[in-house]
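Chemist: just need the structure, nothing else, for what follows:
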Amino acid sequence: MKIVVIGGTGLIGKKVVSSLHQLGHEAIAAAPSNGINAVTGEGLADALAGAHVVVDVTNSPSFEDKAVMAFFEASTRNLIAAEKAAGVTHHVALSVVGTERLQESGYFRAKLAQESLIKASKVPYSIVRATQFYEFMGAIAHTSADGDTVRLSTAHMQPIASDDVAAAIVNAALGAPRNGMVEVAGPERASLSDFVGRHLKAVGDTRTIVAEPQAPYFGTLLNDQSLTPGEHPHLGTIRFDDWLQKQAAKA
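Modeler: Residues are numbered from 1 along each chain as shown. This is a model prediction of the structure:
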């Protein structure tokens, strides 16, 4: 089966393409670097010719409100138009758990707009909503730092390894369209400050974590439901401490 992975050279896309190849499918890694650009439409028609499934795991290069909205609206509209022309029968998109609860953020408003376009497109679809990735704990610390202090929310989260996200995307791509959403999350729930604190300790970062209920998360205030899944999510198998140990071994 031919499956085109938009954003196929990124963190999740590489893993998805590799897994699909191992399973015997024709997986195309589509990205601007190889002449396939969903935002401009460049190369989409040729890339999607004969494709059964399109997987969209792209992310905006800018999180500025107008830029991120323009990215997701343009890329999704172009993909849908190209899919209809090519006869694609399944659109799979990666989104974020809690998107509808974080609408103070321009990024999450753009993700909700992306989801709405997919639902209205008439192309059969599956939306995989994932919680925050383990790989982004360092970036969260960076954006929350004030000198040697890192101020972080005490709200709960349930982050997930990118390997588990990629596996969920592959499962969705090879299954029947849900015409709905599935949530995926990690096996452990704890506070944002706890997860980032464990990450900093593991990498030898001596900055001080200050846990504050009102500390913003990318400009948005959180509660215990903001970054956690609803009932009956699909749970990944990789635990955070095991992932940290593996990263340390690689380093």
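Chemist: for the helix or strand hosting Ala249, which helices and strands make contact with it?
Modeler: Secondary-structure assignment from DSSP states H and E places Ala249 in helix 240-250. Here helix 240-250 touches helix 192-202, going by 3 or more CB pairs under 8 Å, 6 or more residues apart in numbering; DSSP states H and E. C-betas here are computed from N, CA, C, even on glycine.
Chemist: tell me the mean pLDDT for the helix or strand following the helix it packs on?
Modeler: Using DSSP H and E, the helix or strand that follows helix 192-202 towards the C-terminus is strand 208-211. Summarised as a single mean, pLDDT over strand 208-211 is 95.
Chemist: which strands and helices lie in contact with strand 208-211?
Modeler: strand 149-152, helix 192-202.
Chemist: tell me who's in contact with Phe206.
Modeler: Careful, residue 206 is Thr; it's not Phe. Shown in contact with Thr206 (CB atoms under 8 Å, 6 or more residues apart in numbering): 148, 200.
Chemist: how much space separates it from Asp148?
Modeler: 8 Å (CB to CB, to the nearest Å).
Chemist: re the thing from before, and the helices and strands packed on strand 208-211: which comes nearest Ser121?
Modeler: helix 192-202 (34.1 Å; CB to CB).
Chemist: what angle sits between the closest one and helix 240-250?
Modeler: If you take axes from the mean of the first three to the mean of the last three CA atoms, to 10 degrees, helix 192-202 sits at 30 degrees to helix 240-250.
Chemist: can you list the buried residues in stretch 67-86?
Modeler: Residues of stretch 67-86 classed as buried by neighbour count (16 or more other CB atoms under 10 Å): 68-69, 71-73, 75-80, 82-83, 86.
Chemist: show me those residues that map onto helices.
Modeler: Within these, residues falling in helices by DSSP state H are 68-69, 71-73, 75-80, 82-83, 86.
Chemist: specify which member of those residues is nearest to Gly175.
Modeler: Nearest member of these to Gly175, counting by CB to CB, is Glu83, at 17.5 Å.
Chemist: closest one of the ones in helices among the buried residues of stretch 67-86 to Lys2?
Modeler: Ala86 (10.1 Å).
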